[in-house]
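In: sequence and computational prediction follow.
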Amino acid sequence: MQADQSIAATQVRVLVDDDQEEEDFHVTGAVTAVSSDKGTFTIGDTLISVDAHTQFEGGPASLADLKVGDRVDAEVVKHADGSLLAKEVRRFQPPQPPSPAIFAVDPIEALSESSITVASIAFSVSSQTVIRSGDAPVALSDLKVGESVLVKGRPGTAGPAADVILVVPGQPPDKLIAVVGPIEAAGTDSVTVAGKAFKVDTHTVIVRERTNVSLASLVVGEMAEVKAAVSSDGTLVALLVRVQAPE
């Protein structure tokens, strides 16, 4: 105690509450900004720093490898000043896009030893093609012109190839063409997917993420599903073009 009755401190210890200690948690979402020179990146509106101890997994080897749009999960620690430091950053690998496919439902228009024509599309048939009537496997030679079938195939350099042919019993179904694949071309009145060109008219519905869009907004490379009818002259007329949202 001092002469003036005051007390002089010889030691000061700051006590930290448990809720003020550094804590780990995860921030997940799309990268919206990357600043390699500042050593930071942003997920949504959340700014996160990295240091020499930050681990990167799932593809990026460093902060410089992150790209805007990458979906990541960052395990971060929150410092006392409120800033976030990444301990680990894991990038989600986008799923592989589906392989281009062609679906056709209609009576058989023509048959040969190695091909079948349905809905004006000639599919090649090989020993790998699965052909079934109900639960029973059948040969291509067992099929008859006029018999209704569903054909699932894929585009090829020599034309569409049939992977599966299913005989459809009962009443002939409505003629249907459906394809899935990346958009290969988009013109003023047509769109090409899975090697097939489809006419687009005023009755065609084009949808992206539940929103109607114009043909002009389609981008080559976008994944799309097209359902179409076959006109009397064999033209494929798109009824629906559904652009698949990127993952």
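Out: Alright, I've got the coordinates.
In: any idea how far Lys227 is from Gly156?
Out: 22 Å (Cβ to Cβ, to the nearest Å). Heads up, the C-betas are built off the backbone N, CA and C, glycines and all.
In: of the two, who's got more company?
Out: Lys227 (17 against 12; other Cβ atoms under 10 Å).
In: next SSE downstream of the helix or strand encompassing that one?
Out: Per DSSP states H and E, Lys227 falls inside strand 223-230. Downstream of strand 223-230, the first helix or strand assigned by DSSP H and E is strand 236-243.
In: and for that following strand, what are the contacting residues?
Out: Where contact means Cβ atoms under 8 Å, 6 or more residues apart in numbering, the residues beyond strand 236-243 that reach it are 120, 177, 183, 191, 196-201, 203-209, 213, 218, 222-231.
In: list buried residues within the residues you listed.
Out: Among the contacts of strand 236-243, those scoring as buried are 120, 177, 183, 191, 196, 198-200, 204, 206, 208, 218, 222-230 (criterion: 16 or more other Cβ atoms under 10 Å).
In: what's the domain layout of the protein?
Out: 18-91, 101-243 (automatic domain parsing).
In: what strands line up against the lowest-mean-pLDDT helix or strand in the chain, and which way round?
Out: Sorting the helices and strands of the chain by mean pLDDT, DSSP states H and E puts strand 211-212 at the bottom, at a mean of 86. Strand 211-212 has its sheet partners listed here by DSSP bridges as strand 205-208 (antiparallel).
In: pLDDT of the strand it pairs with, averaged?
Out: Computed over strand 205-208, the mean pLDDT rounds to 90.
In: now that strand, how far from the centre of its chain.
Out: Remark: strand 205-208 is offset 16 Å from the chain centroid, using Cα atoms, centre = their mean, to the nearest Å.
In: how near is Val226 to Leu85?
Out: 48 Å.
In: over to Ala122?
Out: 61 Å.
In: how about Glu225?
Out: Glu225 is 44 Å from Leu85, by Cβ to Cβ.
In: again with Glu109
Out: Taking Cβ to Cβ, one finds Glu109 at 66 Å from Leu85.
In: hang on, the earlier thing: pull the strand holding Lys227 out as CSV, backbone CA atoms only.
Out: These are the backbone C-alpha positions of strand 223-230, laid out as CSV (Å, rounded to 0.1, in the frame of the first residue of the first chain):
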residue,chain,number,x,y,z
MET,A,223,-26.5,-29.5,-70.8
ALA,A,224,-30.0,-29.7,-72.1
GLU,A,225,-32.9,-32.2,-72.5
VAL,A,226,-35.0,-31.9,-75.6
LYS,A,227,-38.4,-33.6,-76.1
ALA,A,228,-39.7,-33.4,-79.7
ALA,A,229,-42.4,-34.5,-82.1
VAL,A,230,-41.8,-35.8,-85.6
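In: and that strand, what's its mean pLDDT?
Out: Across strand 223-230, pLDDT averages out at 90.
In: so which elements touch it?
Out: strand 176-186, strand 190-193, strand 196-199, strand 236-243 (3 or more Cβ pairs under 8 Å, 6 or more residues apart in numbering; DSSP states H and E).
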